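Participant: sequence and computational prediction follow.
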Amino acid sequence: MPLNIVVEDPDVGQNSVFSLRLDDSIVSEIFDIEPKLVTGTSQVSIRVANGSLDYENVNQRKFIVLIYAE
């Protein structure tokens, strides 16, 4: 099940365009963020990228995910 959030930049035109990325290389190998480019407002999904989460592994039960908007 994806984590859904909404991002918004109230500027208009070129000033409302921004990119999204996940912070950590380990997190970004496991999770994916879509869309990566936003104009104005968009719903954003963070989901498991390759289905390789092992819920039996204690190290894969809790993640801190930072999203950068640039």
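Facilitator: Noted; the coordinates are in hand.

Participant: who are the packing partners of the helix or strand where residue 46 lies?
Facilitator: Assigned by DSSP states H and E, residue 46 falls within strand 41-48. If contacts are counted by 3 or more Cβ pairs under 8 Å, 6 or more residues apart in numbering; DSSP states H and E, strand 41-48 sits against strand 3-8, strand 31-34. Bear in mind the C-beta positions are built from the backbone N, C-alpha and C, glycine included.

Participant: pick out the residue closest to the middle of this protein.
Facilitator: residue 33 (3.3 Å; Cα atoms, centre = their mean).

Participant: can you check what pLDDT the model gives it?
Facilitator: At residue 33, the pLDDT value in this model is 89.

Participant: my guess is it meets residue 49, correct?
Facilitator: No - contact criterion Cβ atoms under 8 Å: residue 33 and residue 49 do not qualify, at 9.3 Å.

Participant: before we move on, back to that, run through who's touching whichever helix or strand comes after the strand holding residue 46.
Facilitator: Scanning forward in sequence from strand 41-48 by DSSP H and E, the next helix or strand is strand 67-69. Strand 67-69 is contacted from outside by 7, 9, 18, 19, 20, 21, 22, 23, 33, 38, 44, 46, using Cβ atoms under 8 Å, 6 or more residues apart in numbering.

Participant: and strand 67-69, which residues are buried?
Facilitator: For strand 67-69, a neighbour-count test (16 or more other Cβ atoms under 10 Å) marks nothing as buried.

Participant: surely residue 20 is in a strand?
Facilitator: Yes - Residue 20 forms part of a strand when assessed by DSSP: H, G, I helix; E, B strand; the rest coil.

Participant: so what's it bridging to?
Facilitator: residue 69 (DSSP bridges).

Participant: how many other residues sit next to it?
Facilitator: When neighbours are counted by other Cβ atoms under 10 Å, residue 20 registers 18.
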